Every structure is written in C-alpha cells, then in structure tokens.
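Q: need a structure here:
(4 chains)
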Number of protein chains: 2
Amino acid sequence: MPTPRAEPRAEQRAAGGARDRVLAAALDLFGEHGVSGTSLQMIADRIGVTKAAVYHQFHTKDEIVLAVLAPAMESLHRSIEEAERGTTPAARREAMLTSLVDLAVGNRRIAAILRADPAAAELARSHPALDVGDRIRALLVGPDPDVRSDVAGAMVGGALMMIGAAPELERYGDDELSANLLELARDLLGRHAGTARRG
Amino acid sequence: MPTPRAEPRAEQRAAGGARDRVLAAALDLFGEHGVSGTSLQMIADRIGVTKAAVYHQFHTKDEIVLAVLAPAMESLHRSIEEAERGTTPAARREAMLTSLVDLAVGNRRIAAILRADPAAAELARSHPALDVGDRIRALLVGPDPDVRSDVAGAMVGGALMMIGAAPELERYGDDELSANLLELARDLLGRHAGTARRG
DNA sequence: GTCTATAGGGAGATAGAC
DNA sequence: GTCTATCTCCCTATAGAC
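A: Purely as a prediction, here's the structure:
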C-alpha cells in the first residue's frame, strides 16, 4: 500500500501531533493551577518547546481554552437537544440526568476547569453550547420548581461539577462512579416528582 | 465624657477603616473574577486609592487572600472540633452537617472563592484549619465508607461549595436555603447509615 | 514546526514625600 | 493613610530566520 501521509515522529505520536500535545498539556495545567494561573510559558515548558511554537498552533490563549473545552461543550449541547425531545417531564429529566452524569464523569478534569474559573466559564458561554444553564435546569426540575426542587437541582449540578476535585473519588472507575452518582441524583430529584405543588 | 479615640472620618465609617474596605473590595472582586484574576490595581481602584495605599495595609497579595478567608476558616475549625466530641457516629454526622450547611450558606461568597481557585485553596491549607478534608469526611461518612457513602459525601461537599455560584438560589433567604439543604443532605447521607456493610 | 529575539504592557512590590 | 514614582519580573503576542 502507498503512504498517504508521512509517519509522525516519535514525540508527536505520543499525543497525536503538535496541536494535540498543546491541548493535553493545557488540560493538565488548567486543572492544576486554574486557567488564569496557567501561562503560555508553562504550557510550552511542559511539552518542551518555546512559547512561539505554541503560538504557531493557537494565536491567542483564549483559543486554547476554547479548544480544550469544545468537545465537552458540543457533547453537552447534543445531550440537551436530545433530552428536550423527551415526551414526558420524567423522560426529559432522566435523559438529561443520564447524559449529565456520563459527561461529568467522562470529563472530570474539564468539569474542574469550568468550576475553577469565572473567566473560563464566561468564555465557554461564547460557544453556542453553554448559555444553557436554564435549559438544563428546566429539564431537571421543570419550568416552575418549588424551593426544594430548586435546591435539589443545584445540589446535583454542584455535585457533578465538583466530582473531579474530590480526591476520595479518584480511586473509583467511571462505571462504578456513574452508577452511584446517577442513583443518588435520581433520588434527590425524583423524590417529589409529580408532587411538587405549592399551597 | 472624654474622647478615648478620634472619630473615624466619613470614608472610613462606610466599612470600618481602611483595612476593612480593602477586605470588602477584595471579597467582591475575588467572587467576580477569581483570585488569580484580581489584581491589586483592581482592588485599589474599587475603593478609590492607589496600590501603594493597599500595600500599607497588607504587604502581599497572599495576606489579603488569607485575611478574606480567615473568619470562615476559623469557624470551620471550631465546628470540626465540636463535632468530633459527639458520642455516636450519628451525632457526629448531624453536628458536622448542620455546621457545614450554616457555614456554607452564611458565607456563600467565600465558598465560591475557595471553589474558584486552586491557588486560594492551597493557600487556605497553610492556615491551621483546612487540611481538614479528611476529618470532615470521616465525620460525615465514617472512617471506612463504601462507594455509595463516599459518593454521597462528595455530593454533599460539592453541593455546598457550589451553592454560592447558583444564580437560581440567590432569591432564597439563608433560613429557607439552609433548611432545604440540610434536609436533602441528611437524606443523601443518612439513607444507608448503619447499613453500610460490605460483603 | 520550531527557533531567537523583542515589543509592549501589566503584574507584584518598594522608597520616600506629604 | 495616602500619594507619586519607580523597580523588576513575567505576561501575551509578533517578526522573521531556519
């Protein structure tokens, strides 16, 4: 067979090209020091090149942040659209909750980044995927929640955001963690489903 | 009667002295932009003085961060010590949970700061009050938790950290919020109390 | 794709006058 | 307690050679 593309060199194979190595290093460092606390110099040092080499891949720091967050953002967006197609409130809640748990567990470190930086969260909102807090909340607790549902929804959201930062959960695999999170979250949200009347 | 102390001037009365005005501005700005995202220039501008005036009160930025966090840290420390004096696991859990909810609700913005910056969290650990994650966890879920209790404990911890960042909860008063949080957290943690055996 | 070199600005921090 | 002025360092970002 012919060679459609040149073989990547050893350093590139490690993470699939210079661009990907930048993103991998950025993901690490954002998690350790926050986005504001991470400089391009740190990213360059981590992969053993100079700042200028990093700038050849991404022209601004914001581009790097967005590129790190993009896959999770897009996945979240697809999950919301899909959940909104559910025909009953319970079905919509269950679909959103399942996707959210999977997403949070599968991207523990990205959740930690969004948790960890107001600037990053704002940047993410410029992406057509994360001005979606209201849509997620509506899917989880309905359009007009009472206090208790509101608090339960915030607890679930907060818990999912924080799982990446909990050292005692690192020893659990994705499947085990997801199953337990899902069960407890369902419990928290579902307890009063259909009975949430006021007065 | 004599005058034991000079009257504070008008600008000082607003927040009780220059030092307190710095701390108040810092609390605001840390919440808005994170700790790393807040410069001394921003703090100085907010209260209408120069950086040098701020440096007269605190010799480093870290000092400001610690001073902002200190009251909550000390309160947390006292709560842990008190909870550890409980005579049964259930009593210790209940004491810790109650204090934790009160603390988180009463200091929503400080929780947001700790949530929002790895550097701030690390700084806080240098204070003799917040290498205490393990002690809190032991009080909430016992010394040898199963998966489910571990996840439940992390959910409660995460939820409490995030409540300051949830816009939909801002409209609730402290009492209403505390009551609902406490009830739901108790539920999450207590469901399996005494039955958490393995094998 | 990576380098050296550098521009331009804002960061934390200090000195000394008022 | 606050100011002006200044220091040093590191940041993001750019230019141009290899």
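Q: residue contacts, A:Gln182?
A: Wrong residue type there; residue A:182 is Leu, not Gln. A:Leu182 is in contact with A:97-98, A:101, counting by C-beta atoms under 8 Å, 6 or more residues apart in numbering or on different chains. Placement of C-beta: from N, CA and C, glycine included.
Q: from those residues, which is closest to A:Arg109?
A: A:Val101 (15.9 Å; C-beta to C-beta).
Q: any idea how far that closest one lies from DNA strand D?
A: To DNA strand D, A:Val101 is 33 Å away according to C-beta to the nearest atom of the strand, to the nearest Å.
Q: element containing that residue?
A: With elements taken from DSSP states H and E, the one containing A:Val101 is helix A:89-106.
Q: and the following helix or strand past that helix, which residues are buried?
A: Next in sequence after helix A:89-106, counting helices and strands by DSSP H and E, comes helix A:108-116. By neighbour count on 16 or more other C-beta atoms under 10 Å in any protein chain shown, the buried set for helix A:108-116 is A:108, A:110-116.
Q: ok, now stretch A:124-143?
A: Neighbour-count burial for stretch A:124-143 [16+ other C-beta under 10 Å]: A:124, A:129-130, A:132, A:136-142.
Q: any idea how far A:Leu181 lies from DNA strand C?
A: Separation of A:Leu181 from DNA strand C (C-beta to the nearest atom of the strand): 37 Å.
Q: apart from its neighbours in sequence, what residue is nearest that residue?
A: A:Val101 (5.1 Å; C-beta to C-beta, 6 or more residues apart in numbering or on different chains).
Q: count of neighbours near the one you found?
A: Other residues near A:Val101 come to 24 when the count uses other C-beta atoms under 10 Å in any protein chain shown.
Q: up against DNA strand C, what does chain A have?
A: Residues of chain A lying near DNA strand C by C-beta under 7 Å from any atom of the strand: A:11-12, A:17-19, A:44, A:48-53, A:56-57.
Q: re earlier: starting at the chain centroid, how far to the helix holding A:Val101?
A: 13 Å (C-alpha atoms, centre = their mean, to the nearest Å).
Q: for stretch A:171-181, same thing?
A: Centroid displacement of stretch A:171-181 relative to its chain, using C-alpha atoms, centre = their mean, is 16 Å.
Q: same deal with stretch A:66-75?
A: Distance of stretch A:66-75 from its chain centroid, counting by C-alpha atoms, centre = their mean, is 8 Å.
Q: then stretch A:28-42?
A: 17 Å.
Q: any idea of the mean pLDDT for that stretch?
A: Here stretch A:28-42 scores 92 as its mean pLDDT.
Q: flag every buried residue along the host helix or strand of A:Leu177.
A: Using DSSP H and E, A:Leu177 maps to helix A:174-190. By neighbour count on 16+ other C-beta under 10 Å, the buried set for helix A:174-190 is A:177-182, A:184-189.
Q: what's the burial count for the nearest residue to A:Ile113 once chain neighbours are set aside?
A: Leaving aside its chain neighbours, A:Ile113 sits nearest to A:Phe30 (4.7 Å; criterion: C-beta to C-beta, 6+ apart). Using other C-beta under 10 Å, A:Phe30 has 27 other residues around it.
Q: need the pLDDT of A:Asp183.
A: Residue A:183: Glu, not Asp. 94.
Q: same question, A:Thr98
A: 97.
Q: and if you look at A:Gly106?
A: Model confidence at A:Gly106, given as pLDDT, is 92.
Q: for chain A, which helix is longest?
A: Counting residues, the longest helix found in chain A (DSSP state H) is helix A:61-84.
Q: average model confidence for it?
A: Here the average pLDDT along helix A:61-84 is 93.
Q: re the thing from before, the residue nearest to A:Leu181 contacts A:Asn180, doesn't it?
A: No: A:Val101 lies out of contact with A:Asn180 (C-beta atoms under 8 Å); the separation is 9.6 Å.
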